[in-house]
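# when you get a sec, could you give me coordinates for this:
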Amino acid sequence: MTVRPAVDTDLAPLVALEAACFGSEAWSEVQVREELAGDRAVLVLEAAGQAAGYASVSVVAGDAELLRIAVRPELRREGMGRALLAAGVAAARERGACRMLLEVDAGNRPAIALYAASGFAPIARRRGYYRGRDALVMEREL
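Modelled structure (predicted):
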């Protein structure tokens, strides 16, 4: 298992990851392409020679935001999400961030547990943020 910066040829695997992980809420090919072309830290986790997960981190004025993190459903609970999150935090630090923020579906207990175990704490709740479901805003000082 390795984490590396994404390259243009990762477009198709990342679009497939989006569909597998987020279904009807997946980012489109155009959105993923914009992530790859933008000023984001987009990281790919490879396992067994294929893209098993990815993360996208934005840094603006000292604040980082974890925009997306995804691990193939059949590969979850093997430490890949934790590895991606750690790599995202490191990328944010390298880009000068002092803190990282993220939003997570308030009902996604596994993700909330992962973030809490990695030092994130809830700071706000956004009612109805995810098609009627609440989001927790979590923060970690870097």
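# so what's the residue lying closest to residue 47 once chain neighbours are set aside scoring on pLDDT?
The shortest distance from residue 47 to any residue other than its chain neighbours is 4.8 Å, reached at residue 1 (CB to CB, 6 or more residues apart in numbering). For glycine as for every other residue, the C-beta is placed from the backbone atoms N, C-alpha and C. Model confidence at residue 1, given as pLDDT, is 87.
# what of residue 123?
pLDDT, read off for residue 123, is 97.
# return the residues in contact with it.
137, 138, 139 (CB atoms under 8 Å, 6 or more residues apart in numbering).
# confirm the second one sits in a strand?
Yes. Using DSSP: H, G, I helix; E, B strand; the rest coil, the secondary structure at residue 138 is a strand.
# now the closest residue in space to it that isn't next to it in sequence: how far from residue 112?
The shortest distance from residue 138 to any non-neighbouring residue, by CB to CB, 6+ apart, is to residue 120 (4.1 Å). Per CB to CB, to the nearest Å, residue 120 is found 9 Å from residue 112.
# more neighbours, those two?
Counted by other CB atoms under 10 Å, residue 120 and residue 112 do not tie: residue 120 has more neighbours, with 23 against 17.
# ok, that one to residue 60 distance?
In terms of CB to CB, residue 120 sits 19 Å off from residue 60.
# just residue 3 next, same as before
For residue 3, the distance to residue 60 - CB to CB - is 22 Å.
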